Structures are given as C-alpha cells and as structure tokens.
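> Pasting a predicted model and its sequence here:
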6 protein chains.
Amino acid sequence: MGRIVCFGEIMLRLNPEGYLRIPQADCFMASYAGGEANVSVSLANYGEDAAFVTYVPDNPLGQSAINSLRRYGVDTRWMMKGGERLGVYFIEKGASQRASKVVYDRKYSSVAMSGPGDYDWDRIFEGADWFHWTGITPALSDSLADATLAALKKAKEKGITVSCDLNYRKNLWSREKAKEVMSRLVPYVDVLIANEEDAADVFGISAEGTDIESGKLSSEGYASVARQLVEAFGCRYVAITLRGSISANDNNWSAMIYDGKDSHVARNYLIHIVDRVGGGDSFGGGLIYALHNGYNAADAVEFATAASCLKQTIEYDFNMVSVKEVEALVHGSGSGRVQR
Amino acid sequence: MGRIVCFGEIMLRLNPEGYLRIPQADCFMASYAGGEANVSVSLANYGEDAAFVTYVPDNPLGQSAINSLRRYGVDTRWMMKGGERLGVYFIEKGASQRASKVVYDRKYSSVAMSGPGDYDWDRIFEGADWFHWTGITPALSDSLADATLAALKKAKEKGITVSCDLNYRKNLWSREKAKEVMSRLVPYVDVLIANEEDAADVFGISAEGTDIESGKLSSEGYASVARQLVEAFGCRYVAITLRGSISANDNNWSAMIYDGKDSHVARNYLIHIVDRVGGGDSFGGGLIYALHNGYNAADAVEFATAASCLKQTIEYDFNMVSVKEVEALVHGSGSGRVQR
Amino acid sequence: MGRIVCFGEIMLRLNPEGYLRIPQADCFMASYAGGEANVSVSLANYGEDAAFVTYVPDNPLGQSAINSLRRYGVDTRWMMKGGERLGVYFIEKGASQRASKVVYDRKYSSVAMSGPGDYDWDRIFEGADWFHWTGITPALSDSLADATLAALKKAKEKGITVSCDLNYRKNLWSREKAKEVMSRLVPYVDVLIANEEDAADVFGISAEGTDIESGKLSSEGYASVARQLVEAFGCRYVAITLRGSISANDNNWSAMIYDGKDSHVARNYLIHIVDRVGGGDSFGGGLIYALHNGYNAADAVEFATAASCLKQTIEYDFNMVSVKEVEALVHGSGSGRVQR
Amino acid sequence: MGRIVCFGEIMLRLNPEGYLRIPQADCFMASYAGGEANVSVSLANYGEDAAFVTYVPDNPLGQSAINSLRRYGVDTRWMMKGGERLGVYFIEKGASQRASKVVYDRKYSSVAMSGPGDYDWDRIFEGADWFHWTGITPALSDSLADATLAALKKAKEKGITVSCDLNYRKNLWSREKAKEVMSRLVPYVDVLIANEEDAADVFGISAEGTDIESGKLSSEGYASVARQLVEAFGCRYVAITLRGSISANDNNWSAMIYDGKDSHVARNYLIHIVDRVGGGDSFGGGLIYALHNGYNAADAVEFATAASCLKQTIEYDFNMVSVKEVEALVHGSGSGRVQR
Amino acid sequence: MGRIVCFGEIMLRLNPEGYLRIPQADCFMASYAGGEANVSVSLANYGEDAAFVTYVPDNPLGQSAINSLRRYGVDTRWMMKGGERLGVYFIEKGASQRASKVVYDRKYSSVAMSGPGDYDWDRIFEGADWFHWTGITPALSDSLADATLAALKKAKEKGITVSCDLNYRKNLWSREKAKEVMSRLVPYVDVLIANEEDAADVFGISAEGTDIESGKLSSEGYASVARQLVEAFGCRYVAITLRGSISANDNNWSAMIYDGKDSHVARNYLIHIVDRVGGGDSFGGGLIYALHNGYNAADAVEFATAASCLKQTIEYDFNMVSVKEVEALVHGSGSGRVQR
Amino acid sequence: MGRIVCFGEIMLRLNPEGYLRIPQADCFMASYAGGEANVSVSLANYGEDAAFVTYVPDNPLGQSAINSLRRYGVDTRWMMKGGERLGVYFIEKGASQRASKVVYDRKYSSVAMSGPGDYDWDRIFEGADWFHWTGITPALSDSLADATLAALKKAKEKGITVSCDLNYRKNLWSREKAKEVMSRLVPYVDVLIANEEDAADVFGISAEGTDIESGKLSSEGYASVARQLVEAFGCRYVAITLRGSISANDNNWSAMIYDGKDSHVARNYLIHIVDRVGGGDSFGGGLIYALHNGYNAADAVEFATAASCLKQTIEYDFNMVSVKEVEALVHGSGSGRVQR
C-alpha cells in the first residue's frame, strides 16, 4: 500500500491544566496539533506510512512541531521551514454546563503565508496513493486555497484517492467565502467527512429533525444530508459524525456513512469525556485507515466511530490508539475493565 | 450606580491536588478565599465597583490575600494591615461516596481580633449603595459582631441596601449563640440569602418535606421557610439555594426567591462538580448583581442560579465568569458545546 | 488482640498523571503497592497492629518501599533486605470506554527469589493471631510457594487464623499451575476472599447467570460459588466481591459473604471511580478488621464493602480511611456532602 | 506626588520549567511581561501610583494581561481592548556556557496596530507628573512611533518629567531606522537609561576600553558615552547599566549615572542568576522611584542597582521587592542570611 | 544502647516551589518540620532508636505530622493528640543577594498550649538514655517551659544524658526572657549546641573577632564563647556551628567543639546550598549520634559537620543521609563524583 | 555521506525532580536513555542520518523508548521488539558535596537477552559507513558480546569505520572479565574514546600525575594513556575526556585526542552543571560528527568538547544542541549572554 499524504497547518496548542480557566492559569500544557496533523498521527499509530506537508518557522517552535509528529512515526520530510510564525491555539476545557473555549491566534502563520509555488506536489506524491486535507487549509488564506487546488489537480492526475473533512471554522472565513472556495475544491474529493453543521454552514445543505443542542441524534436527517452531498459533488463516500452533547463532560457519539446507495449508522457511545478536541480528526483517521485497508463501508464507519470514541478518552489532540485497541472496542462491550 | 462594599474574612485556602487526601499531599494548591471576598470577586468580574473590607497581617501572606482580589479588579483600599495572622483553611476534595472535608485553622486571625473601633464606616461607605456581609463575620468574634452592628447602623443611616447570607458554621459558634447575635443583626437586612439548613440552624425555622441527604428538593418547603424569615425580620427578599447531593461528584442545584408576595423557583441544574466550594457565595454574587441592576425577582434568581451552577465547574472559591457567560447559560441549553 | 501478619510482594507503582497514556508521559507518579501490603496499610489505618513480611533490595528503592508502609504505621521489622530488585508495575488509568492497562515488570524481584529458608516464621508470628496472604505470593515463584506453605503450617500449629485472597493473575502462572499449587495451600485457609473470575480461573468453580462485562450482578450465582468453595476446602467464611463495570469511570460495587450456612449480600454502590486498583485489597482489609473485631458476617461484609467503595475514590493502591469514615458510609446515605 | 504613566506593550511570556529547552518542554510557565509594564510593577510595588497604557485584545489572554498588572496594584484603566492578538515571547533559560534564548512572536499585536488616534493623552495624563517609555514602543510600528511622539509633546506641554530606556532590539528594527526615529523622540527625554550597546546600536555612540563578552567593566568608557548622550539630546540624567557576563549563571552587575556634571558608579554585585530577564527594567523602575522621591543622583543609582540586582534573583520579569528590601541591600552586606 | 527522646514542636512547613516568592506562589510544597523533630529524623536515619514527644491536633494535619516521622522510622507513640492547631511556617528560599525569608504562624499550637501535667516523663523515659531539646521549646509558652523543666529534672534523676541546642528565636521571646528561663534550664545540660549569635543573644556571651555577615570565621573567638558557656553552666561539651554566608547560595560551614579542656575545629565546607534550613538541627543529630556511639570529641565534630554539610544539599528540613554517607564525606574529598 | 549505526541498550531513566533524593520522591521524571542511544540523538540533532539498533519489549514502555528516538529524528527501524523487559535506571542528582547516585535495574532486559542470531548485520549496515558501540554493550551479557563481535566483523568486511567508547561499568562486569572480552573487540576499533579511569579499569593502562578527585587535570598523563592504547590496539584516534570534579555542581571539563603522532588538548570549560549524565556520550557524538565531516583532529576534539560542555547544561541524557550552537561556543566566549 502507498503512503497517505496529509496537508494543512500544525499549531502550538496551549491549555491550562485540568479545568482551570485561562485567567487562572500559571502554566499552559504544550502540545502540537492541527486537523490534518492529527489525522497523520492516527494513521502512523495504525502502522500506516503517513506524511504531513506544511510550513513551520525556522525556530525552536517549528522544530518542536516537527518533533511532535516524528515522535509517533509520521514522515516529516515535507514539513518545510520558512515564514514567520507558528500558529497558536488556546483551549480551556469545559465542565458540565460550562463549555470548552478555544482562542485562536493563527493568523500570519508560516503555512498561511505559503502559496502554490512553495509545494512540489510531483515529488511530494511519490509513492502516495491517498491525499487528505480539510476545509481549514483553504480557509487560512487565498494562497493556500490555491495551493490546495494545485495539490488536488495533481492528485487526480496521479490517480490518488482524496479525502476531505469539511471542518467549517466560522472565525476563519464567512459562509459565503467558504461556499465559493469549497465548491471548487470538493469535486476532487472521493471520501467526504463532515458533521451536519458543516454541510449546512458551507453548502447550505441541512436535514430536518435534528436538534444539536438537545443531545438527540436523528440518523435519517444525516442520511439525507449525505445523499445531497454525493449528488452535488460526486463523492464515493460521505461520512457524517453525530455528536449529542449532554454536558461538557458527557456526550453521545456516533456516525453514519453513505456509499451512494446505502447508509450505515455506527453503534452509539455514551462517552465520559477526557478531551474532546480532535474527535472529528480521529474519526477521519479511522475512516481513512479502514477504507485504505479494504474494509466495507459498514465496518469502516464502526472502526472510525470506535477510534474516535477512544480519542475522546485521551488528553490532547492526537489519538494514541492501535488498530488492536480500536478493534477490541468494536467487538467488545466498552465496559472499560482493567487489562493486566 | 454605587459601589458594593463586602465585609468579612479572607483566608489562605490550601487544597491537595486533584482527589488526594491531606495525609497523601506533598503540596497544597494555594488560593485566597472567604465567603464575602468570594462575593466581591463575582461582582468585580461582572464589572461592578466592588470593595472588600477586612484586616490582614502585615506579612507576605496578607499581601498575597490583597493581591488575589486586586487581580480580579476588587477595590482593596480597605483591606487594612494589622493583627497577627491570616486564617487558613484546608479542603480535601471528595469523590463519589467520599465527602469533601474542610479543616479550619482560622482562630486568632487579624480580622477576628479587630473590633468596632478599627473601621471608619463613614469613609468606607463613601460612594457605596450596597453592603454585603454573611453570618460568618459576626461568628468570628464578639468584637467583630460589634463591628458588624456598627456597619449596619451606618448603612441604614445612609440608605444603603444591605444583603446577608446566613452561612451558619457550627464550628464557629453554637446555634444558641448564633440565634442571639443574628437576631440583632438580621433586622437591618434587605436581601437575605440562606439554605434550608441555615434557617433551621440559626433561627429554628424549618420546612417540611425536605430530605437533604436524599438529593430530592422540595420547593414548597423552602417557600414556607422564606415566608417565615420575611415575617420575622422584614426583609424585602429572601433567597434560598437548593442543593440535592447525589454524590460528591454529582449534585442537583437550584434556588428560589420570595419577594414578600410571590416565590420563584429557578431552573434545576444537574452539575458534574469540579469544585463546589463557593457555590453559595457565587449565588449571592449573582443575586446582588441582578438586583443591583434592576432585574425582577424571577430573572434575578435565574441569573444567580446559573452563575452559581457555573462556579461549581470552576476550581477554587472564586467565580470566574462574565455576565455574558451567565446569560448564555440562562438562555441556552447548558449542553457545554465547544466555543471556537 | 494480636498482630495481623501479611506476607507478599511490595512493588514500585508508576503511573502517568491523570488520564495520560504511557507513551505520552513525561513523568510517573511513584508509590509503593502490592496486594498484601495494601491490606496491611488498611489495617494500620484502622488502628490494628499490622506487620508486613517481605524481601526488598538493599537500595534506595527498597528503603522507600519500607518507608511507604512505616508512614502509615505498619510494623516493618520483617521487611528484610536482600536480592536484586524491587518489582515495578506501570498503570495507565482508563476512562470511559478505554480500559485501564497494567504492565508488570516484577520478575526476578527480591521476594520472588526468596525461599522457605529465608523466613523465621516462629519469630515472625510472635504475638500474632492472624495471617494474611494472597494467590499472588505463591504465583511469584516455586520457592515462594514453598515459603507460603511453611508459613501456613506454622500458623496452623500456633492456632493463628488464616485469610487468603485468591487474586488470580494470568500473567504470573497458568490456570493449571495455579490449581495445582493453590489446592495444596487453600485447605489452611479460614477466610477465603475471591471474585467470581478467581474461583473459575483457579478451581474451575463457576456460577450461572453472571455476565461480568454487562455490569449486572447475580448474587445467587455467587452464593453457589461460595458454597462450592466451602465444601472443597472447609473454610469458615467465603467472601466474594461483585464488580459491575459500566465504564472505566463508573462501576457498580458490592460483595457477599457465606458463613457455611447463610449468605449476606452487601449494599450496592454506584461508584464514580478515582482509582480502582486496590479495590479488592481494601475489601480484604475491611473484612479482616471486621472479623478480627467480632463483627458478625453480615456486618463484616457491609463494613468491607463500604471500605472498598471508599478506596476507589482515593488515588493509589492504599485505602486511606478510618473506621469512623467507613462506619459513616455504612450508616449514611453516601451522598458525599461537604464535612466542615 | 503625581502618577507615573508607562506606555508600551505587554506580552504573554512562556518559558519551559527550569533549564529545559523549548523542544523538551511539555508545558510552559505563563506570565505577562514587557519592558514598560515591568517598570510599572516595580513602581507599584514601591507604593507609587503607577499606570500602564496599552491595547490588548478582547479575549481571555488580554484580560489575563490586565489581571497580571492589577494583581500588583498597577492602575490598568488605560489598558484598552481592541486589535487582534496579544504578543507572545518564549524564553529558554540558559545555564553556564549555554545562553538564554528568546523567541519573539509579537508582530501584529493589538498595541503594534494602534496609532496616535487611539490614545487620549490629555485624559491619560490627568494627575500624572512622570511619563516612561522605552525604545521598544516606537520600534513596534510606525503608527506606534507616531503615538509616542504625540504623548511626548503632550507631556512636555504639561510639564511632565519624561524617562526613556533606549532598549534597542535588533529584531524589531534596523540601526538606521532606530536612529532616525529615536533622534526625533529622545530630545523630549529628561532621564535617559541605556546600556553601552544601546547607545552604540542606536546612535553610534560608543566608548573605548569595554569588552562586554569578557565580563570586565570599564566605568570610564561608560561615563564618556553618557556625556555624549547628554550633549546630543540635552537630558538631565543619563544612567547606564553595566553587565559583565561570566556565564549564564553568574554575572557582574553595576551601573553609573551622569548628571551633566559628575558621574557616580554604583557598587558592583556578583549575582548568581535566577532570572535575568527584566534586569534593565527593574533598574529603570528603581531609578524612577528614587528620582521621583528626591534622591540625589548617587543615591538613586545605588537604589536602582540594588533593586535590579534583587530582580535577577527572582523568577519572571517583574521585580517583586519593596523599598525596604532594596534599602536593606544598599546598606547591608548582600550576604543573603535567613530572615526569620 | 538506649532510646534517644526528643521534645519540641513539629509544624507544617510550606514553601513556594524553587525560588518563587510567597506572593508569586500558586502552590506550596508541604512538609513537616521542627528543630527537635528534625534531630529525631537524623537519628532514625542513622539507625538509632529515636522517639519524638509532642502534641498535635486531632485532625488530618496532626496525623500527617505523625506520618512524616513514622515514614523515616521515628518512634511516634508519644506524639499525642489534643489542642487546637498545628503550627505552620512559610519559607521563601533566597538566592544570591536576596535572603531567605521565614514567616511563622505557630502561636496557639497544640504543643504550645500544653503544660507539665500533659507529659508522663516516667513512662516516656522508659528505655531512654538520652534526652534532646532546644531553646525553641521553652520559648513557645510558659507552660511548655515548665514542662521542659519537669522533663529535665526527671532525666537527671534517671541518669539520662541531656543535650540542648540554644536556638534563640527573637520572634518568640525577648533576650531578657530567654536569659531568665534558659538560665534555669541549661544547668541540666550535658551537651550544649549553639552558634555564636545564640550565646550572645541568650546569655550575652560573645567573642571578639567575628563578623558574621562578612563570611569570615574566627575559630578562636568561638573557643572563648564555648569556654565561657562551660564555666557558666558546667556542661561536658559545648559545640558551636560556624556559618560564613557569602551569598544566599554559597556558604562556608564548619563547627568547633570544646570538651572542657581542648577545642577541635572541623574541616570547613564551601557549600552550594540546596536548602539550608535544618542545617543546625542536622549538626545536632550528627553530634548526638557520634557521642552516643562513643566517638571522641574531634571525630564527633567532624561527623556532625559533614552530616550538616550534606543536609544543606537536600531539600526540606530533614537530613536524609546514612552513617555511611556521612563517613564517606568525612574521609573523602567532597568532590561529588557520580556513584554508579 | 553514509548512515551512522549505533548499537546498544536504551533504558527508561527515572529521576526525582530537582535535587530530591529517591526516598523523598513522589514522582519520577521519565526519559529514555543509554550510552549509544544518546550518541544517536546527538548525531541526528546535527543532521546526520543516524540509526539505533536494539531490542525492546513489545509493550508501551518499549514503544516509548522507540518514540523517544524518533522524536529527534533517529532512524528506529532496527529497534526490534522482543524479550521481557526494558532496563530501568534511577538517577538522583547530587549537589555540592553530595554525589549523584545511580541505581541500575537493567538485568534481564530485552537487549541483554538477545544474541548474535537476532541481528541481520548485512541488512542493518546497508548504506552505513560508520558503526558505534560502547563497552556497556558486551558487558550486558555474553550473548550480546558475541553479537557485538559479529557486528564488528561484518563492519570490517564492509569497510565501515568503527568507534567505541570504553565506558567501563563496574556493576556490570569485573575488570578481569572486561579485559578479556574487550581485548577481543577493541582491535576492530578505529576511533577509541575513553576517560583515564576506563583505560585503567579495563586494560590496566594508567598515567601518572592525575588525581581525579582533586579536580586537577594532567594532560601529559592522558597523552601517555592514549599512546599506550594506540600501540596496543592499532586505533587511528584515541580521545580521552578529562573531568575535574570540584563539586557535584561545578566541574572542569576538557578532552584530548591523539592521532598516532600528535596530541591536542581542547579548551577547558568550568561548567556549572545542570545534568552531567550523558556528558561522555555527547563527547562521542560530537567527535563522530566532526571526524565523519572531515574535521582535523584538533578541530574535532574542540567540537566534541564544546558539544559535551553544552550537554552538561541540559536536563536528561540527550544533547539537545545544533552544529551551529556548538560552533558558536567553540568560537565564542562561553559567557552565556541572552540571544534575542
């Protein structure tokens, strides 16, 4: 099997310890994270040959970002150095009725300032058979949107499978801008990942019968969203994650996949949350692994959902689980008994 | 609007990290706290002009106590230096069936040793239109009870609104002593705050149909307690917090208010507790803010209840929330979704 | 009353902070623990005269292991120095659907390398009237199994009551080996402690109607197991702990005791877990305390169950509770209200 | 005496614990700091009425920056909210032959993006009799240089004393740019603070006989630099700090002042460094305090040097010392005996 | 050999991490310490049978104080429970020219409130042949001074050797009071320990030619002090520690002993300080061990000086060294090479 | 240039925080380290293609060891999984007169149990032109000594340069055994690294005029040792590190190299130690880098000495420095001024 190439931004993630709020914090736990980087770590942890493509500044923070991925076996040779700064994001963990809060300080980052001329996709894609990006990448700047388009064209040319997580971020661009840009990029996508909000935010595609805040999930509604996405963009698979937030500590979590014909809904997990950031990315990582390894759609969505359930029991953005651990959850009770 | 003056003790609060018990602890997290000081921070965080009146020793601990309030914008010019020691309290966080445990070491503190001659209420009340104290202040010493009475007389003279939280502490004084002293002080109070236990402990006023340990709340019973308090002392409002303890980790939380005519019960929150100490104080802070800003009784009790729900998701005694965050909970689902 | 002698291994326990996984850990919290050592601490915390018998290496780690028991009042004069190494175990705390994971590195430890000639049971048992060991001790090595047998014979000779927790560990020995060895040792036991899995694993004795993974408990089934054990080995009491794992964070916990005639099932506790390791040991400690102090079987199992419920709300292996705290739970609501 | 107004940037300071390098760090200690903010804290700790003027973003980090100064009693009413981000700087503490390393990420900060129209100097200077700024402020952006000029003109108009620390930062602007801009601003300065490098870097004014790297100090050379600065810009006082770096852990530290006629060299301190960042700022804070309180030049430079010696024994940028502690060092042996 | 009984106060010691000042601290490291308790730990670490006599409150802090001594093998059966509070002391570690600062909050402690009737010296001294106390004990209260006198009379009666460290604390009593009380108690002392300041402070006995602040030591002066003390009180040995403070980080350390005929000065150590608190106590512990084990005066003072040199390289008050480690320093170079 | 292959053991390194002794520690800082692994990290940090060959257990600790090297860019494809356990070593940092103390628990480790048949040197050496091992590797077991010999033979066959650090560890083998085994292996070595003790311990080759404990260095003596080693084993270079221990905190550090004709002594550094473990390994890493990149002997020993000086200012075993930083020290003053 070939290499899986992920393209996007990696940031310094800073969070207060435990449940402290930012103005209470005397120190910030430091890790490195980003939607597509998180996916690359998931894949490397599953034993895949995963590479991450980005720009980081030529300073100790940029180096630390590279180290954070090397540590888990990601191929970092295309994490190039240049530009001015590494993006930063602050995350304050919510509890009960108090929501988690994210503060982004990612403007002017090295990767956001890069453009199409900074990436030699021909060489980057050598040995690759899968390319993953998310809606955050083109949202960072117009030049990065252009770089993404160039990558997609090259990927198609080389017959590389493309996956994309819509990942709409309202503080990065408006819905109008997102729609305009993504409408040009998504037609290149084979495997599209989203949540119901993303589809509505970016393309105005929504489903009836869902009430996100209530914690109830309507799988029929999601199927209709998936169908509309396939019709609009011709993707082979659309997968949608289904989060039902009971409180900041307790969430229902499931997902569905539509393969153009049938839709499959995965088992629902009631999760006592450790760190929910990166939940969607770990779903993407699980789904890519499963499809890359020939799972059928139903098994793939079960694998991806179990993987992303486990992620939410783990601190920081990266999903530190093996295939064996994910499979054990898929086939087990999830009752969390001690393993000696 | 005028300044809100709070009067009482501020202590050094020491707690082991996480769920460690005191004999397991190698370090204690240090913060500064006290019933009335907590209220002053709540108010400053809402943008009120709040002042705290007390005595602290002239040493680095006394200075740290002052700093802890200045940090959040409390006016500390009346935190005067003198006396021998800063009170200390140790708190061990409970979990599940294991109760939290508080060890007080607050005897002989600077403020407990102070008396009526140590406070120039005329100058302290310049620019003020609200005065807040709790039942802990007069319980600390006879001289402090006298100082409280002097403050109350001056407040009445100047037409300043007075609020009081009964806050009965059985390790500070007996029920008999509390009744005797509080019966002289509470008649000056406009807004009286309590929980059902306080009213019973201090004044022997109790309600039927409540079983505190069981986790069930009887709002009718509380209304009857409130009515009796209004009748006895002529307060304008009586507000009672309603805690239903399921376990040390999970509590039901609500409150009611009685305005002499009607009683309003706030929405109930099932809270996954981070730190429940200061819950009552944050209710007081919320209620004072709301009434000071012209909310009606029903809206005020909703604001105060939501504020104190949020407090219990935050470490240490202080309630680190803004008006906007409280209002978001009052008008939202409380499902704790991430805010990006 | 006489001294209670516990015999077994004490290890260095290393766990990442909070919910971190081992490959994420930059530091390990260090404590010292072991099935029988945990029991000795429980007993010392109840005011019993408890001694622990073992070998540790003559280095700072061996000394630290001794200190860890002395700190809580265990008599450590029979923690002898010799051999090569202190066993180590790593524990990664699970959350929600992610199970806790234990990695043992205990082979070749000082105590595992010791044999019958290394223990002078005549002197060790001076002043003792109770002897406690678990199935881990003979599993560590053949020589230690021989030492255990020697201890048991001496105990019988001196009329000392013997208790044993079956504690089957599949990574220490096979079921066949366990059965062969334990069949020779258990006949000396007066009070036998187990969980349903242990009895099945070691002796092939199982009950119908139990589904451990499902979180449901069948007390009838356990009674049948207990009866079979009494019949096979002639013990005076058999006690079985009943864990129903809902998730790694939430467990049901109860226990039953059979006195050869009747069986008593203790109250069930729904526990929000802080650290479940040592749960069984704290049950043993509670049971021994209760029987040593003349409780009847029904009261003894209630005491032991409440004690072990509290343990699971406390970090690390040791149960840091007093008799008064256990009794308060036995007779209270378990609603975890603050104790001021 | 009047208020002392300081104007500049406050940043989030992040440093690894102890002597860890950035790529080794799992957490960063968080504090808030900046050349002029550090001076304002020094002054507030001496009991002065000190205000800090800046812009911070309207997010939890901006609020935390405000809190960090309020905590120590600085008047923060002119810390206004607006703009996009709070500047960040990373500092890795050096040891022995390994130098400390600073990584700035302060571009595009709220204050750097502000301009003359954003400051109402008439109101800001109400009640003030001293204005302090440093060469960093105009280096941040052209618009901020313009704002500084506007402040200086208003200060002169109102007869407010002006102090300035040259503080040349080569990563903010070129020597040419610095010379051009500072030549317009420094003529408004009454008290000029610098080190020998600053004068050379900004104005090309240097002294003979100094070898900064060698750890030897030539006070005559510095006197010649001071004289040239007075001649060029007409300042009343020029003070120059003299650092002799033996290693990252051990520094000689002294300073001199020139009052237009005589120069005074302060006592030299051999400092075992705890944190040398903010050393120069604490010298400025000490000097301003001393001159503001009528010390003569010789006493002022002794006070400022002792103050800044103490700063370098304290973690983070702020100088946490009182007038009494500084005076004790000026008049004592500096042998650091325990104070009980 | 017999038991060594130490009598005095044990406090909770709280210190900020590293070199942080108290107003910067978010947490305090917690340990338990006191002059005589420190000596008891030294002795237990040397393998002596050492007991500590005191009162602590019946709460988790009192229990923790007991545990802290049990952990290192001290006999704690005479650490009795009663009274109101455990004394607390805060220590801020100095660096370079910044002195360490101690804040005591020990008034009204359980032991200070105890009196002669609270100690059954007959039983306490069973099996003992040495009694150690310091000048802090009688300084805590008149009743405790009386209790000390009772102990001394009983010790003499039983032929128990008595040692005393003068340990003058100016914040506990005046020089006049100290002189009056100590003049009644010191005549019972066989081995008297002091520093030059103590003798001058308590008895007005001083030596010429010493300048404590300068870091220079005059051993002749100390010999004269020792001689005067022997003449005044008839002690068998007087030992005086000699500290030369270069800075808070670097101290010269030595000691001398006078046996009524000759005086011996120990080797001088230039110590790079880790924690100098408890230095004097560890000297006392070393001296008692050495004399109790028959060392001659010269060897005893070398042992005690090396022991207390090592203490100052160890965090917290207790001296965590073995006889073997002390002897290695006495007979080695003190160059601190790695021991593998 | 070709790959550099390092062969040996990697262990879990556990050390208490700061200067705490092991029995005081509540947590251990966790890193992964070993003589040859440390060299591989040095080389990767210099941009070399470095690979590490070993066996680790197939558990989370083995995986963490792999991750620790991947993080810094070492090629870990030959870190194979198998065997029972990862070796552990505990290190307690010394201070002043108290020596650092190492406790090894490395027996029975995966790599120690491996033998010649477990390594396919033909494939491992593909693309390599340098092989590095140390005297620790053959000391771990006879089978590993055999594996080392096989590697050396294959390396010679392929014309690969071989470097070796004698690294004698007295707790792993006797001098006699070491001499016997090393005499068979060292003849394959081109670049031999040692300290004066190693040569004496292993081969009985010593120099006059050195007194390691005194802190004085005799470079002539070392030259004679080097000459004898070249004569005995025919190496091309012998390099000897020269440590002069003043105290556990302050060391002189230098080195010399002998190229068969001339000897060159590097600049001496007086180091204020942060962590001296790995000092020798970082010298090896620097020397290999320099010789691999064509430096002459004199420049190579300067580079290696500066590199290892910097290592000792960095926590843990790995040398976290770049070629640029080492060169800056070689050509600079080493005065440690801040780099902004």
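It's in. Numbering: from 1, shown residues only, chains lettered A, B, ... in the order given.
> Let me know whether stretch A:259-279 sits next to chain B.
Yes: legend: contact between stretch A:259-279 and chain B by C-beta under 8 Å from any C-beta of the partner chain is shown at A:R276, A:V277. From N, CA and C alone the C-beta is placed, and that goes for glycine too.
> contacts for whichever strand or helix holds A:R184?
Per DSSP states H and E, A:R184 falls inside helix A:175-185. Under the contact criterion C-beta atoms under 8 Å, 6 or more residues apart in numbering or on different chains, helix A:175-185 has outside partners A:135, A:138-139, A:145, A:148-149, A:152, A:164, A:166, A:168, A:173, A:201-204.
> and if we set it to 7 Å?
By C-beta atoms under 7 Å, 6 or more residues apart in numbering or on different chains, the surrounding residues in contact with helix A:175-185 are A:G135, A:P138, A:A139, A:A145, A:T148, A:L149, A:L152, A:Y168, A:D201, A:V202, A:F203.
> Then stretch A:129-145?
With C-beta under 7 Å, 6+ apart as the criterion, stretch A:129-145 contacts A:1-2, A:4-9, A:35-36, A:39, A:111-115, A:148, A:151, A:155, A:160-169, A:172-173, A:178, A:181-182, A:185, A:202, A:288, A:292.
> when you check the residues you listed against the helices, which ones overlap?
A:35-36, A:39, A:148, A:151, A:155, A:178, A:181-182, A:185, A:202, A:288, A:292 (DSSP state H).
> ok, of those residues, which one's closest to F:R123?
Nearest to F:R123 among the ones in helices among the contacts of stretch A:129-145 is A:H292, at 27.5 Å by C-beta to C-beta.
> now A:A255, what's its secondary structure?
strand (DSSP: H, G, I helix; E, B strand; the rest coil).
> what about the residue most central in space within chain A, which SS state?
Ranked by distance to the mean C-alpha position of chain A (C-alpha atoms, centre = their mean), the top residue is A:D281 at 2.7 Å. Following three-state DSSP, A:D281 is assigned to helix.
> pLDDT at it, what is it?
At A:D281, the model reports a pLDDT of 98.
> For chain D, see how far away it is.
Using C-beta to the nearest C-beta, to the nearest Å, A:D281 is found at 21 Å from chain D.
> quick one: that residue and A:N38 touch, right?
Yes: A:D281 is within contact range of A:N38, at 3.7 Å (criterion: C-beta atoms under 7 Å).
> any common contacting residues for the two?
Among the neighbours of A:D281, those also in contact with A:N38 (C-beta under 7 Å, 6+ apart) are A:D317.
> can you give me phi and psi for A:D275?
Dihedral angles of A:D275 (phi, psi; degrees, to the nearest 10) stand at phi -160, psi 110.
> okay, now it: neighbour count?
Neighbours of A:D275 under the rule other C-beta atoms under 10 Å in any protein chain shown: 19.
> One more: A:R123?
By other C-beta under 10 Å, 9 other residues sit near A:R123.
> what helix or strand is it on?
Using DSSP H and E, A:R123 falls within helix A:121-124.
> mean confidence score for that helix?
Computed over helix A:121-124, the mean pLDDT rounds to 98.
> What helices and strands are in contact with that helix?
helix A:142-157 (3 or more C-beta pairs under 7 Å, 6 or more residues apart in numbering or on different chains; DSSP states H and E).
> Pull the contacting residues for A:F233.
For A:F233, the contacting residues are A:V186, A:P187, A:V189, A:L192, by C-beta under 7 Å, 6+ apart.
> how about A:A30, secondary structure?
Under three-state DSSP, A:A30 falls in the strand class.
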